[in-house]
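Undergrad: coordinates only, no sequence provided:
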């Protein structure tokens, strides 16, 4: 039976959902985003660090989604590159997390044992191995006690990934409408169903509507009498260029410590990030706090002194959606309209990581209806 599915929101989550749903040829998929360029909203406010296996989450939905996404990414990236002919820059050297005290070491020793029973490798490094693999790190000055290394946790560039997901969805039959805004949801209160979406100049009918709208979710739901508040959380990062960064030949992983991420790119460039900035008081507009970015940079140079020699290529900021009163992420049917599915409604700092699992979850929810 043909089902018309409208996905609202062309960020990484909405694009991943559209791509996943096109695997069923009986579904007519339409992806809509108000921006001409997909992935230019919250998706662009991400470093693309996939910390799944190395996460301390070990059970329940928090772990299930992470594991499913990491597994899917290892298939998805080559799958998309072959299907679309697009290159998706990604770092397959894994993630190193610096351990700053004995308590952290104990936690990750236990986690490594658990992950081994689940079929994943986590390597505990002592100071000497860490010094060899990450020679730029000033271990003595920062009192780092060791590290844990996850070869399975990659990094991916969010915007190229999103563009490849969109291209893949189109290749597999999806229709995309970019540069047009969904201004309302068409609901029938008597039947308890959503019948489609209203754009500024026309409407589309739908059997299912998927809201992958992040910060744009609340304005669409408020007229329906549904109060789901999504708070913007701002993040800032720096793009640095330093051609003399030292690392063992053929090994240049993401390094994370004290909530500071060093994300190697190509041509001697790095992302350094990111701040976490919540609105305060009656603040109506969330603007970047330059002091917080400066503190991030100063702390990073304590770990990696040679970064003081790096050229700052770009200072970047973006907003990420965070749900209030609900656990992130919100992936659920909307009562009283169960054919509206909320997705990417507040993935907060894990949107890139959880995109594949979110798409799989939404597909399953439609199949079960």
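TA: That came through fine. Because the structure is predicted, anything quoted here is derived from the model rather than measured.

Undergrad: pLDDT below threshold where in the stretch 1-150 of the chain?
TA: Within the stretch 1-150 of the chain, the ranges that satisfy pLDDT under 70 run 40-45.

Undergrad: now do the helices in it.
TA: Secondary structure of the stretch 1-150 of the chain (DSSP state H, counting those that start in this stretch): helices at 12-21, 60-84, 102-117, 127-133, 139-142.

Undergrad: can you tell me which of these is most buried?
TA: For the helices of the stretch 1-150 of the chain, the largest average neighbour count (mean count of other CB atoms under 10 Å) is found in helix 12-21, namely a mean of 30. Any C-beta I mention is one placed from the backbone N, CA and C, and that applies to glycine too.

Undergrad: which helices and strands does that one pack with?
TA: If contacts are counted by 3 or more CB pairs under 8 Å, 6 or more residues apart in numbering; DSSP states H and E, helix 12-21 sits against strand 3-8, strand 27-33, helix 158-171, strand 337-345, helix 351-368.

Undergrad: lowest average pLDDT across these?
TA: For those, the weakest mean pLDDT is recorded on strand 337-345, namely a mean of 88.

Undergrad: so how far is residue 204 from the most far-flung residue of the chain relative to its centre?
TA: Using CA atoms, centre = their mean, the residue of the chain lying farthest from its centre is residue 190. It sits 37.4 Å away. In this view, residue 190 and residue 204 are 21 Å apart by CB to CB, to the nearest Å.

Undergrad: for the stretch 251-369 of the chain, what spans make up the strands?
TA: Taking DSSP state E, counting those that start in this stretch as the test, the strands found in the stretch 251-369 of the chain are 254-257, 260-264, 269-273, 311-323, 330-334, 337-345.

Undergrad: quick one: closest of these to residue 214.
TA: Proximity to residue 214, assessed across those by CB to CB, is greatest for strand 311-323 (4.0 Å).

Undergrad: got the angle between the closest one and strand 269-273?
TA: Using axes from the mean of the first three to the mean of the last three CA atoms, to 10 degrees, the interaxial angle of strand 311-323 with respect to strand 269-273 works out to 40 degrees.

Undergrad: quick one: strands adjacent to strand 311-323?
TA: Strand pairing for strand 311-323, using DSSP bridges, gives strand 230-241 (antiparallel).

Undergrad: now do the partner strand and strand 330-334, the angle between them.
TA: Between the axes of strand 230-241 and strand 330-334, defined by the same axes, to 10 degrees, the angle is 150 degrees.
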